[in-house]
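In: I would like the atomic coordinates for the input below:
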Amino acid sequence: MNITKATKQSDIKRDWHLIDVKGQTLGRISTKIANLLMGKSKPYFVRNLDCGDYVVVINAKEIKVTGRKETDKKYYRHSGYPGGFRAESFKDLREKNPSEIVKHAVRGMLPQNRLRDRMLKRLFAFSDEKHTYQDRLKKENN
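Out: Numbering: from 1, shown residues only. Prediction:
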């Protein structure tokens, strides 16, 4: 008789993944990143624990979008003060801070609960090939 053991925080092992998003479609690669951050491919995955891995994303400025999203897609925010509504196009955000595009897309694909911020802290996005986590990466994954 096999008894299923509950996953404990001490059972979780975190790996590091390097993902090059150059020429990849934003939505398709964001789902893969979100699955790595959640740890859904692990045999001991449970929804109530943060089982995910660390993810380093490079070349965020060269990510692709389909259709007319390059000019039509908008990112909105509000400061909370009167007149504090701001809108920014995809094209402008790509020039100013391309890593935010990837973080925003992945954030929307993670579960909206207390674990989301903890998962996002393990996402490191860089606009070009240079990053500071080379010593932590054992092998490169795509």
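
In: Can you name the element that comes right after the worst-scoring helix or strand of the chain on mean pLDDT?
Out: For the chain, scoring each helix and strand by mean pLDDT, DSSP states H and E identifies helix 69-72 as the least confident one, at a mean of 94. The element immediately downstream of helix 69-72 (helix or strand, assigned by DSSP states H and E) is strand 74-78.

In: Partner strands of that following strand, with direction?
Out: Strands that pair with strand 74-78, judged by DSSP bridges, come out as strand 85-89 (antiparallel).

In: contacts for the partner strand?
Out: For strand 85-89, the surrounding residues in contact (C-beta atoms under 8 Å, 6 or more residues apart in numbering) are 71-79, 96. For glycine as for every other residue, the C-beta is placed from the backbone atoms N, C-alpha and C.

In: can you put these in CSV and add neighbour count and distance to residue 88?
Out: As requested, these are exported to CSV (neighbours: other C-beta atoms under 10 Å; distance: C-beta to C-beta, whole Å):
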residue, neighbour count, distance to residue 88
71, 10, 12
72, 11, 13
73, 16, 10
74, 13, 7
75, 14, 5
76, 8, 8
77, 10, 8
78, 10, 12
79, 9, 13
96, 9, 8
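
In: what about the residue nearest to the spatial centre of the chain, helix or strand, and which?
Out: Central residue of the chain (C-alpha atoms, centre = their mean): residue 106, 4.0 Å from the mean position. Using DSSP H and E, residue 106 falls within helix 98-109.
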